[in-house]
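# Need coordinates for the below:
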Amino acid sequence: MPFTGENLLERLHCHAVENGSRPALVSAEGQTLDYGTLWSSIVGIAVGLMGRGVKVGQRVFLVMDGSLASVLVYLGVMRLGGVAVLMDPGLTMAQWSGRLRDLSPEMVVAPREILEAIAHLPGEKRVPLELSDQTVDRLVGDGVGETPPPFPTHEAVILILATTGTTGMAKYVTLTLGNISASVHHINTTMGLMSSDIEVITLPLFHSFGLGRLRCGLSAGCRIYLLPGRFRPERLLKEVQRCGASVLAQVPAGIRLLLALGQRVVPWLQNVRLVEIGSAPMKIEEKERLMILMPQARLWHHYGLTEASRSLFLEYHQAQAMGCLNALGQPPVGVEVALRSESGEVVTHGVEEGELLVRGPHVTPGYVVFPRDPMIPQGQGWFATGDWVQRDSLGDYHYVGRVDDCINLGGFKVYPSEVELALAAFPGVVDVAVFVRDAGKGMQIMALIQCDGLRPFDEKELRDWLQTRLEPYKHPQIYRLVDALPRTPSGKLLRRELPNLVGG
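Just a heads-up that it's a prediction; the model follows:
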């Protein structure tokens with residue numbers, strides 16, 4: 001199912017022609033580019049990169065630090081038809097070495113200190129280019145009067161994102177211009193983004209979530225304020241009020257920091273009409289508190305992967321009215337989902353459970369380095385997410401757990417996420433993780449509990465409380481208190497590290 005609509009580059013060109021004076025991007029330093037200047041800069045950078053030896057289809061490593069310069073280079077590489085490989089500014093030397101070895105870029109665009117640090121790393125010959133405003137100006141200047149390359153096709157791979165999820169194994173996800181344009185289309189259509197909207201982006205732009213927000217805003221013709229760096233709630237709130245933002249996006253960990261401020265956030269957020277949340281789940285009580293603080297806003301939570309961005313959506317107010325606030329949501333128009341049962345049967349209708357499959361023009365064509373077991377089944381075009389879900393009678397999907405995390409105890413199947421969801425609702429529990437280990441009496445379920453410290457932890461009370469909420473075989477046999485659980489910056493649990501907290 002290829003994408004057949006207007007792609008992101010065509011949308012940007014259209015904005016430049018029809019509304020060139022409309023503000024497009026505002027840097028953290030206050031520099032503003034309108035859509036006309038933005039487009040001419042993108043074209044100039046594309047031509048300037050060609051003059052430095054980058055050809056259509058070649059890879060350009062770009063440290064995506066959230067600066068205006070990094071955004072312009074990213075869009076310039078896309079206009080050229082090159083393949084942007086976006087890099088986290090905080091990568092270690094070992095990670096840099098692995099990516100250079102695996103992907104062999106033609107050029108590396110990075111701040112000077114990073115270029116100097118990686119200069120000794122082995123790999124094929126690569127052109128270093130300092131990431132700075134001055135470099136952008138030179139590229140744009142070099143491109144003036146020169147003929148730009150043809151627009152890339154929808155099928156052209158123009159982006160590679162490295163994702164490890166919680167497995168620790170690097171995967172290099174390829175995305176085409178059609179993939180990202182299809183994703184932009186169904187996100188904007190679902191959420192109702194308008195050209196009059198103003199958005200502040202604090203999310204990292206080297207991840208799918210933040211990068212998606214940038215593309216969505218530019219495609220719709222919005223004004224986007226870039227606010228890179230460590231997330232600080234007060235900084236975000238001041239910027240939202242100062243620029244009159246109507247849209248913001250955040251991961252659940254960031255939302256929790258906002259919720260901690262309580263009613264104080266209400267005056268700062270009263271003009272926000274759209275919020276997108278993603279990358280990790282949120283507790284129902286957190287969703288309810290956010291709805292109370294922002295009754296005027298549509299609060300969207302998405303489910304998706306780098307390989308299939310935003311495949312399910314849930315709007316909190318609507319979901320609460322339907323009694324399904326704990327669901328993942330439903331697919332937007334243009335995205336197909338199905339379930340694969342334990343027997344391998346693909347089911348598209350009815351109340352079922354199974355592994356969630358996704359199909360649509362937003363789904364990756366594959367990986368540069370494929371995992372041991374390819375995640376795209378051949379022949380049917382379904383992308384296997386690895387998540388086991390239940391589908392209810394209303395068509396909402398509910399997360400049960402990772403297929404490969406399933407614990408088999410004497411023929412009984414236990415999904416850690418289901419147990420964790422129940423335990424997280426117990427008063428005083430801040431965070432919880434469940435895994436199986438051999439404690440000398442056979443395989444047993446262990447629960448690691450982080451408490452709020454406001455009351456003593458009572459294991460018997462918790463066990464009694466759990467009796468009416470989970471089947472007996474799903475109850476943990478061992479409980480341990482911990483100070484904190486290992487999570488990624490976006491809030492995903494690092495399950496492989498859990499045994500280390502209890503000595504193996």
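# Identify the residues contacting His362.
If you count contacts by C-beta atoms under 8 Å, 6 or more residues apart in numbering, His362 has them with 3, 179-180, 182-183, 186, 308-311, 334-335. All C-beta atoms are positioned from the backbone trio N, CA, C, and that covers glycine.
# Which secondary structure state does the residue positioned nearest the centre of the chain sit in?
For the chain, the residue nearest the mean C-alpha position is Phe209 (3.2 Å; C-alpha atoms, centre = their mean). Under DSSP: H, G, I helix; E, B strand; the rest coil, Phe209 falls in the helix class.
# In this structure it contacts Gly254, no?
No - checked against C-beta atoms under 8 Å, the pair Phe209 and Gly254 is beyond contact range at 11.0 Å.
# so what's Glu276 scoring on pLDDT?
Predicted confidence (pLDDT) for Glu276: 98.
# my bad, should have said His349
We have a pLDDT of 76 for His349.
# How about Leu339: which residues does it bridge to?
Taking DSSP bridges, one finds Val347, Leu356 as the beta-bridge partners of Leu339.
# And it, how close does it get to Ser417?
17 Å (C-beta to C-beta, to the nearest Å).
# and the two? which has more neighbours close in?
Leu339 (21 against 18; other C-beta atoms under 10 Å).
# per-residue confidence for that one?
Looking at Leu339, its pLDDT is 92.
# again, but for Ala447
Model confidence at Ala447, given as pLDDT, is 90.
# That one reaches Leu481, doesn't it?
No - contact criterion C-beta under 8 Å: Ala447 and Leu481 do not qualify, at 9.9 Å.
# re the thing from before, what residues are up against the residue nearest to the centre of the chain?
Counting by C-beta under 8 Å, 6+ apart, Phe209 touches 203, 249, 251, 278-279, 490.
# Recalculate using a threshold of 7 Å.
Contact partners of Phe209, counting by C-beta atoms under 7 Å, 6 or more residues apart in numbering, are 203, 249, 278-279.
# same question, Leu258
Going by C-beta under 7 Å, 6+ apart, the list of residues near Leu258 reads 233, 265.
# my guess is it is in a helix, correct?
Yes - counting by three-state DSSP, Leu258 is part of a helix.
# Against Tyr415, how distant is it?
According to C-beta to C-beta, Leu258 and Tyr415 sit 30 Å apart.
# in the stretch 151-300 of the chain, which spans are strands?
157-163, 171-176, 198-201, 223-226, 247-250, 274-277, 298-305 (DSSP state E, counting those that start in this stretch).
# now the last one and strand 171-176, what's the angle there?
Between strand 298-305 and strand 171-176, the angle formed by their directions is 110 degrees, by axes from the mean of the first three to the mean of the last three C-alpha atoms, to 10 degrees.
# per-residue confidence for the residue nearest to Gly20 when sequence neighbours are not counted?
In this structure, Gly20 finds its nearest non-sequential neighbour in Gly36, 2.8 Å apart by C-beta to C-beta, 6 or more residues apart in numbering. Note on Gly36: pLDDT of 97.
# Would you mark the buried spots in the host helix or strand of Gly36?
For Gly36, the host element (DSSP states H and E) is helix 35-51. Applying a neighbour-count criterion of 16 or more other C-beta atoms under 10 Å, one finds 35-50 buried in helix 35-51.
# Just give me the closest of those residues to Thr190.
Nearest to Thr190, judged by C-beta to C-beta, of the buried residues of helix 35-51 is Tyr35 at 23.7 Å.
# Now do the contacts for that closest one.
Contact analysis of Tyr35 by C-beta under 7 Å, 6+ apart lists 15-16, 19-20, 22, 24.
# Where is pLDDT lowest across the residues you listed?
Asn19 (93).
# and the two most separated of the buried residues of helix 35-51?
Tyr35 and Met50 (23.1 Å).
# one step back: okay if I get the strands of the stretch 151-300 of the chain as JSON lines plus distance to Leu129 and mean neighbour count?
JSON lines is the format used below for the strands of the stretch 151-300 of the chain (distance: least, C-beta to C-beta, whole Å; neighbours: other C-beta atoms under 10 Å):
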{"stretch": "strand 157-163", "distance to Leu129": "18", "mean neighbour count": "21"}
{"stretch": "strand 171-176", "distance to Leu129": "21", "mean neighbour count": "20"}
{"stretch": "strand 198-201", "distance to Leu129": "24", "mean neighbour count": "24"}
{"stretch": "strand 223-226", "distance to Leu129": "21", "mean neighbour count": "23"}
{"stretch": "strand 247-250", "distance to Leu129": "30", "mean neighbour count": "25"}
{"stretch": "strand 274-277", "distance to Leu129": "33", "mean neighbour count": "22"}
{"stretch": "strand 298-305", "distance to Leu129": "31", "mean neighbour count": "22"}
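# Give me the number of neighbouring residues for Asp88.
Counted with other C-beta under 10 Å, residues neighbouring Asp88 total 16.
# what does the helix or strand of the chain with the lowest mean pLDDT rub up against?
Every helix and strand of the chain was ranked by mean pLDDT, DSSP states H and E. The lowest is strand 407-409, at a mean of 74. For strand 407-409, the surrounding residues in contact (C-beta under 7 Å, 6+ apart) are 414, 416, 436, 443, 445, 473.
# Hmm, which of these is lowest in pLDDT?
Met443 (76).
# distance of the closest residue to that residue other than its chain neighbours from Ala425?
In space, and not counting its chain neighbours, Met443 is closest to Val436: 5.3 Å by C-beta to C-beta, 6+ apart. Going from Val436 to Ala425 by C-beta to C-beta gives 22 Å.
# for Val434, same thing?
Per C-beta to C-beta, Val434 is found 14 Å from Ala425.
# Check Val85 too.
In terms of C-beta to C-beta, Val85 sits 42 Å off from Ala425.
# Could you do Arg235 as well?
Arg235 sits 32 Å away from Ala425, going by C-beta to C-beta.
# Val157 against Leu177, yeah?
No - using C-beta atoms under 7 Å, Val157 is not in contact with Leu177, being 8.3 Å away.
# In three-state terms, label Val337 for me.
Look at Val337: counting by three-state DSSP, its state is strand.
# what about the residue lying closest to it once chain neighbours are set aside, neighbour count?
Among residues not flanking Val337 along the chain, Pro331 sits closest, at 4.9 Å (C-beta to C-beta, 6+ apart). Residues contacting Pro331 under the criterion other C-beta under 10 Å number 21.
# before we move on, what about the one 10 residues further on?
Applying the criterion other C-beta under 10 Å, we find 12 residues in the vicinity of Ser341.
# hmm, back to that, JSON lines for the strands of the stretch 151-300 of the chain, including distance to His398?
Formatted as JSON lines, these follow (distance: least, C-beta to C-beta, whole Å):
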{"stretch": "strand 157-163", "distance to His398": "24"}
{"stretch": "strand 171-176", "distance to His398": "26"}
{"stretch": "strand 198-201", "distance to His398": "30"}
{"stretch": "strand 223-226", "distance to His398": "34"}
{"stretch": "strand 247-250", "distance to His398": "23"}
{"stretch": "strand 274-277", "distance to His398": "17"}
{"stretch": "strand 298-305", "distance to His398": "11"}
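# Setting aside sequence neighbours, what's the nearest residue to Tyr74?
Among residues not flanking Tyr74 along the chain, Ala84 sits closest, at 5.4 Å (C-beta to C-beta, 6+ apart).
# Let me fix that, I meant to ask about Ala327.
Asp396 (4.0 Å).
# try Val275
Using C-beta to C-beta, 6+ apart, the closest residue to Val275 is Leu299 (4.9 Å).
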